[in-house]
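Engineer: Sharing a model prediction with you, sequence too.
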Amino acid sequence: MPLLGCAAVLSAVVLRTVMWLPGLDLPPSNDFLNAYGGDVRVVVYQLVFAAWLGLPLGALGTFVFRFQRGLVRWCTVTGCLAGVGWAIWKVAGVAVRFITGDAIPLQSPVSVATAMTALALVVGGLLSGQVRDAVRRARENRTYALARRADDERHCNPAPDSTDTSAA
């Protein structure tokens, strides 16, 4: 099994095992980390979440930085950095909440803003490359079609011969 598959299975097993540990019910909350950050199960959940968030975004940013140029590169890499920053913010937030017991009032708003920024920049950067390529192909097709039409017209409608006097 590939490494990524093993990591996915291991993550699922760890999360399933941790969620079976005894503890209070965790009803939905709009400020999940501050509400339940003192629970070991939430700490493990956040660490697994941050790993699956930060590592793929870091890898994507690295590959895009190495192999792309222009707007695609900078927009996507900036989004990936925001996503890695989001993962770090999640780990730092859960660590502070678990170790000190203090709630971080800005945890949820910063998390949401960073997530939306990362999402918009990564998707925008990757789509800009697709749009750029589609526009380039459309221009090439248009140029080819115009050249082909001109060539067809030239062969189907030859220029009048200068020796032909009937046209005069």
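Structural biologist: Looks like it came in fine.

Engineer: what's the offset of stretch 140-160 from the middle of its chain?
Structural biologist: 43 Å (C-alpha atoms, centre = their mean, to the nearest Å).

Engineer: ok, and residue 80, which helix or strand is that part of?
Structural biologist: helix 70-100 (DSSP states H and E).

Engineer: pLDDT on that helix, on average?
Structural biologist: Taken as a whole, helix 70-100 has a mean pLDDT of 92.

Engineer: buried residues in that helix?
Structural biologist: 72-87, 89-91, 93-94, 96-98 (16 or more other C-beta atoms under 10 Å). C-betas here are computed from N, CA, C, even on glycine.

Engineer: max-length helix in this protein?
Structural biologist: helix 107-156 (DSSP state H).

Engineer: Show me what that helix is packed up against.
Structural biologist: For helix 107-156, the elements it packs on are helix 32-36, helix 40-67, helix 70-100, judged by 3 or more C-beta pairs under 8 Å, 6 or more residues apart in numbering; DSSP states H and E.

Engineer: Identify the residues contacting the first one?
Structural biologist: Contacts of helix 32-36 with the rest of the structure, by C-beta atoms under 8 Å, 6 or more residues apart in numbering, involve 26, 29, 42, 46, 90, 93-94, 97, 103-105, 107-108, 111.

Engineer: Mind listing what's buried along it?
Structural biologist: So for helix 32-36, counting by 16+ other C-beta under 10 Å, buried means 32, 33, 34, 35, 36.
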